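A.B. asks: got a predicted structure plus its sequence, pasted below:
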Amino acid sequence: MAMSFADLVAKNTALSSEVRRSQEALKIAQLTIDKMKVELAYLRRMKYGRSSEKFEHAQLELVGGQVAQPVVESSIDAGVDDGLKSNVTSLDKERKKRELKTRPGLRDLPAHLPRRTVVHTPQSGCDCAACGAGLREIGQDISEVLDYEPGTFHVVRHVRPKLVCAGCHTITQALAASRPMDRCMAGAGLLTHIAVSKFADHVPLYRLCQIYARDGVELSRSTITDMVGNCALLLAPLAEAVGRYVLKAHKIHGDDTPIRALGGKGEKARTGRLWVYVRDDRPSGDEGPAAVWFQYSGDRKGEHPARHLRNFRGVLQADAYSGYNAIYKDGLVLEAGCWSHARRKLWDIHVKQKRLPGTLAHQGLVRIGELFRVEAEVSGRSALRRRRVRQTRTAPVLTELKSWMNETLAQVSGKSPMALAIGYSLSNWTALTNFVDDGRIDAHNNTAERALRCVAIGRKNYLHVGSDAGGHTAAVMYTLLGTARLNAINPQRYLRFVLERIADHPSNRIDELLPWAVAAKWAHDAAAQKLPMAA
């Protein structure tokens, strides 16, 4: 049947409309696929890949970075023709080569370790094996070997003799020794080893049971779990003291991480959260002690950080999580963003694009890299100097970066991963740029992310906490051990010191047991021992 011209035009119009709809649907599908690929690459990298986001050497050159050049040894024969050089080797030069080849740590063993001397005498004794004459010592060859003896169990018996007076028949007996926990067979050393193994060395409790069983000490998992829980209850006032100290700072770093919590009999497991708040002003030249405070919640609702920070006034450095919005409403807490989060969104796209130079993602990373370059130079300087340098060097970079983001955003699709990455930065631009006018604020929130690293490693080993109570126990332990680590204090020594005293320590003097206070006491005692005795 022949079609009229009008029918052909109508059909052509319909087909053209269908083609346009198909092309639009295909474009949307392609954008969705690209977005899913970026998310898949991110999840794969988070689970299996390395966490480093550093440029390769070729890319460092593109951002103006300096690649380390090979070191050329200076020669005393420089400027002399090779054919005229002597083939006699300098003894000093060869000796220096041997010293450089020696790996550090193999010869110089730590001086503070105790030494056990073993003297090896000849089999012939003190007489010469050749002529029988007496031998005299003319020197010694000494070598040292680093050895290790695994920790051992021992039982401490507390004996309290009963003494009676023959005259008045009065019975006298010393008071019972204090224990960290009443009716607990574990001493402070064992409790410390369990806590440090679980929360600092990431050893699950069932594995500790197996280790102890090898030495003939049978402790059930439930028994050790109760020990850790009771230990956390005992240390909770000290962790609260750390929290009060953290909240007195002008600026704190905040973040959170998921942790799986079992729901108990007949209940499903759920995802709880560990919230972290860090006080660390050393990058701005402050010499005050650093501290980290952990809190646990059964979910990620914004009411939890609002409760934790209800008495805080200052700057909160965190990501753009909407749960923090209620904290910023009244203006008492200033929001400071994290350029590491903004950069990471571009980095995920860069990885998906095989890290090719010249792409839009790479151009954004280059510009953000300039910010971090300036921050590396002013790290550890005073807040005033950091502010001056940032206003001189960082502010122009931020102005150019925002202009580039606006131009790029007009070139890409609104649903593309690149648009979402740029949109994150532009929508949080005020928070991301507050650090320029305040030298006490950092450009990133890496401090909080480093504090959460122990949780990320630990949950890969113990997988979950047994309940919400276990989550609160973990928060207490991570608080004390993390604060000790920030202040370069041996957690084993510190926690044992605290457990041996906290049961009888006055509650109104709990600050005396804070990590930096204990470290100061140790330093004072060590200095007093070195002083000469008075005549």
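C.D. replies: Everything's here; your move.
A.B. asks: sketch out the low-pLDDT regions of the stretch 51-200 of the chain for me.
C.D. replies: The stretch 51-200 of the chain contains residues with pLDDT under 70 at 51-107, 124-125, 127-130, 132.
A.B. asks: now with 80?
C.D. replies: 51-108, 121-137, 150, 182-183 (pLDDT under 80).
A.B. asks: all strands of it, in order?
C.D. replies: 163-164, 171-172 (DSSP state E, counting those that start in this stretch).
A.B. asks: how about the chain?
C.D. replies: 163-164, 171-172, 251-261, 270-279, 291-297, 314-317, 333-336 (DSSP state E).
A.B. asks: for residue 44, report the pLDDT, please.
C.D. replies: Note on residue 44: pLDDT of 75.
A.B. asks: now residue 152: how far from residue 215?
C.D. replies: Applying Cβ to Cβ, to the nearest Å, the value for residue 152 to residue 215 is 7 Å. Just so you know, the C-beta spots here come from the backbone N, C-alpha and C atoms, and that holds for glycine as well.
A.B. asks: who's more crowded, the two?
C.D. replies: Remark: of residue 152 and residue 215, residue 215 carries more neighbours, 11 against 6, as counted by other Cβ atoms under 10 Å.
A.B. asks: that one reaches residue 208, doesn't it?
C.D. replies: No - applying Cβ atoms under 8 Å, one finds residue 215 not in contact with residue 208, separated by 11.5 Å.
A.B. asks: check contacts around residue 476.
C.D. replies: By Cβ atoms under 8 Å, 6 or more residues apart in numbering, the contact set of residue 476 is 232, 235, 236, 239, 294.
A.B. asks: for residue 406, which non-adjacent residue is closest in space?
C.D. replies: Leaving aside its sequence neighbours, residue 406 sits nearest to residue 426 (Cβ to Cβ, 6 or more residues apart in numbering; 7.5 Å).
A.B. asks: give me the neighbour count for that neighbour.
C.D. replies: Other residues close to residue 426 by other Cβ under 10 Å number 13.
A.B. asks: which pLDDT value belongs to it?
C.D. replies: Residue 426 is given a pLDDT of 96.
A.B. asks: as CSV, the strands of the stretch 51-200 of the chain with distance to residue 496 would be great.
C.D. replies: Shown next, in CSV, are those (distance: least, Cβ to Cβ, whole Å):
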stretch, distance to residue 496
strand 163-164, 32
strand 171-172, 31
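A.B. asks: just those: most buried one?
C.D. replies: strand 163-164 (a mean of 10; mean count of other Cβ atoms under 10 Å).
A.B. asks: which other helices and strands contact that one?
C.D. replies: Here strand 163-164 is seen to pack against strand 171-172 when contacts are counted using 3 or more Cβ pairs under 8 Å, 6 or more residues apart in numbering; DSSP states H and E.
A.B. asks: which residues are in contact with the strand it packs on?
C.D. replies: With contact meaning Cβ under 8 Å, 6+ apart, strand 171-172 is reached by 162, 163, 164, 165.
A.B. asks: again, only using 7 Å
C.D. replies: Outside strand 171-172, the residues that touch it by Cβ atoms under 7 Å, 6 or more residues apart in numbering are 162, 163, 164.
A.B. asks: pick out whichever of these sits closest to residue 418.
C.D. replies: Relative to residue 418, the closest of the contacts of strand 171-172 is residue 162; by Cβ to Cβ it sits at 82.2 Å.
A.B. asks: skipping adjacent residues, who's closest to that closest one in space?
C.D. replies: Leaving aside its sequence neighbours, residue 162 sits nearest to residue 173 (Cβ to Cβ, 6+ apart; 4.9 Å).
A.B. asks: what is the burial count for that neighbour?
C.D. replies: Residue 173, neighbours per other Cβ under 10 Å, totals 10.
A.B. asks: surely it is in contact with residue 164?
C.D. replies: No - using Cβ atoms under 7 Å, residue 173 makes no contact with residue 164, being 9.7 Å away.
A.B. asks: re the thing from before, residues touching the residue nearest to residue 162, list them.
C.D. replies: Residue 173 is in contact with 160, 162, 163, counting by Cβ under 7 Å, 6+ apart.
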